[in-house]
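In: Sequence and predicted structure below; questions after.
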Amino acid sequence: MQNTEAYTYFTVPDGETKEVYSFTYWATVKLFLETAGPVAVGLRQDIAPVLSGRGVLLPSGGPEVVFEMKEGNRLYVVSGSVNRVRLIIVPEFLQEATDIIDKTTLSTVPGVVSGFYNAVRGLLAGQAPVIPKNEKPICPPKLRPPRL
Amino acid sequence: MTFPQTSSVRTTTGGQEYWRLFTQLESSGDIYESDVGARAFAIGPDSDIARAQVTYIDPQEGDSVNTLSVSIDSPFVGRVDAVLDQNYPAGLPARLLISSLDLVPTPAFKAQFAGDVDFNFLQFPNIDLIQYLSEPPSFSPVRTDRKYYFLRTLAAGANQTGLVTVPYYGRRRGEVTYLFSGTTAAATLYGYNLNLIGADLASPDDMYVILQTNAAAGSGSLTTSGRPFDLLVIEFTFGASPYQMECIITTSDRL
């Protein structure tokens, strides 16, 4: 499980796109430019030159620029001068878990739910419901507050 | 000139909010560099000069160069980029170049009085320029008062003449207090404007103005009249033995 990371990134004034972080997990990235800039960031490798518009210019002195990064994304930065960029990376476990469910479990959920439903009803999948004679249909029990 | 100069990069990586260029100037051609973009420029409190110039590459003009000036009453607020991945037309990286807009007295300034005076003290001016790396606070631009002490100044013999020159650069008030140990002496206060072709006190022209003269005074004070000059020049004429003088010069931006 990843921890939150926070550090300061100093830009290299050569005008070339640099990879700041390669994400192996879902995360929220918060970028804050503490100096004058200009500094551009983006998710593509070809955001140079800094004022080309291919990346996003960080506003000097805030507000923070926030990216939602998924697994496999990479964060790039480019600048023509020396700058300080505050970088905070917060792992997003819920999104990652949702992503895992999306990829694996969620596809089986409809079958699981219907199987569960059928088990409760005592029916086999694909058969029409049969209500026994002289019996009322099965109803869910009344909701009661738990006993404390 | 401080060499190597202070590093704007170290200031940036060190987490400061501004970079300060504070050094003594030795000529009007002294140029300093900054690798970091700026959010504002202002004259610092310990500056002697009143105006500084920043040269930068102008993205609006392609690869051409532009300049901006900063003075005591007119700081510049706005982003100025250092673009090290581009070059000036001369081929050097497009750093921010900082120089003095005010002229600076050089050794040649002293040399022009060589035949007229017996001793010559020249105080070189300081440049104090603050480059803000982030949003600047509100400005209250004013230079601090400067005080120069020339104590136990000795002449080699009787009736010699000497000059003491200090930076003034548009300050509003200057005062010279002096005391001779001899019985007969005189002092004259000049306001001097530097120019690019030089001037000579022996041939008066509009480059300098006599502000006040105390003839044959063993002690006293001289004051400016609020007029702007680049330098204050005090000419002392020593009297009889023992040829000793004490002098305190104060300059201020306040009346």
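Out: Arrived safely.
In: Could you list the buried residues of stretch B:10-19?
Out: Within stretch B:10-19, the residues that qualify as buried are B:11-12, B:17-19, counting by 16 or more other C-beta atoms under 10 Å in any protein chain shown. For the C-beta atoms, the positions are set from N, CA and C on the backbone; glycine is no exception.
In: Intersect those residues with the contacts of chain A.
Out: Restricting those to those near chain A by C-beta under 8 Å from any C-beta of the partner chain leaves B:Thr12.
In: B:Ser225: which of the buried residues of stretch B:10-19 is nearest?
Out: B:Tyr18 (35.9 Å; C-beta to C-beta).
In: Correct me if wrong: that closest one contacts B:Ile130.
Out: Yes: in terms of C-beta atoms under 8 Å, B:Tyr18 counts as a neighbour of B:Ile130; the distance is 5.2 Å.
In: does the helix or strand harbouring B:Thr67 come close to chain A?
Out: Remark: B:Thr67 resides in strand B:65-71, with elements defined by DSSP states H and E. No: Strand B:65-71 is not in contact with chain A by C-beta under 8 Å from any C-beta; minimum separation 14.4 Å.
In: so B:Pro45 sits right up against B:Asp145, yeah?
Out: No: when contacts are counted by C-beta under 8 Å, B:Pro45 is not listed as touching B:Asp145 (10.0 Å).
In: Kindly confirm my reading that A:Ala119 is in a helix.
Out: Yes: with DSSP: H, G, I helix; E, B strand; the rest coil as the criterion, A:Ala119 is part of a helix.
In: who are the neighbours in contact with it?
Out: A:Ala119 sits next to no residue when contact means C-beta atoms under 8 Å, 6 or more residues apart in numbering or on different chains.
In: and if you look at A:Arg54?
Out: A:40, A:42, A:44, A:46-48.
In: Which one of those residues is nearest to chain B?
Out: Of all the contacts of A:Arg54, A:Ala48 has the smallest distance to chain B: 8.3 Å, by C-beta to the nearest C-beta.
In: The nearest residue to B:Ala215 once chain neighbours are set aside - how many residues pack around it?
Out: Ranked by C-beta to C-beta, 6 or more residues apart in numbering or on different chains and with sequence neighbours excluded, the top spatial neighbour of B:Ala215 is B:Ala186, at 4.8 Å. Neighbourhood size, B:Ala186 [other C-beta atoms under 10 Å in any protein chain shown]: 18.
In: Let me see the backbone angles for B:Ala186.
Out: phi -140, psi 150 (degrees, to the nearest 10).
In: thought it was touching B:Ala217?
Out: Yes: assessed by C-beta under 8 Å, B:Ala186 is found in contact with B:Ala217 at 6.5 Å.
In: Neighbours of whichever residue of chain A sits closest to chain B, how many?
Out: Relative to chain B, the nearest point of chain A is A:Gly15 (2.6 Å; C-beta to the nearest C-beta). Neighbour count of A:Gly15, defined by other C-beta under 10 Å: 16.
In: B:Thr67 now?
Out: Residues lying near B:Thr67 (other C-beta under 10 Å) number 12.
In: So in terms of bridging, what pairs with it?
Out: Counting by DSSP bridges, B:Thr67 is bridged to B:Thr55.
In: what about the chain, any weak spots by pLDDT?
Out: Assuming you mean chain A. A:1, A:95-118, A:120-148 (pLDDT under 70).
In: wait, I meant chain B there
Out: B:1-3, B:60-63, B:183, B:196-207, B:216, B:226, B:242.
In: For chain A, give me its nearest residue in it.
Out: Closest point on chain B to chain A, by C-beta to the nearest C-beta, is B:Asp85, at 2.6 Å.
In: now that residue, nearest residue through space, not along the chain?
Out: Closest to B:Asp85 by C-beta to C-beta, 6+ apart is A:Gly15, at 2.6 Å.
In: if I read this right, that neighbour contacts A:Ala48, doesn't it?
Out: Yes: A:Gly15 lies in contact with A:Ala48 (C-beta under 8 Å); the separation is 5.9 Å.
In: shared neighbours of the two, anything?
Out: A:Val78.
In: Which residues of chain B lie near chain A?
Out: Within reach of chain A by C-beta under 8 Å from any C-beta, chain B has these residues: B:8-9, B:12-13, B:15, B:35-39, B:59, B:79-86, B:132-135.
In: All set now, cheers.
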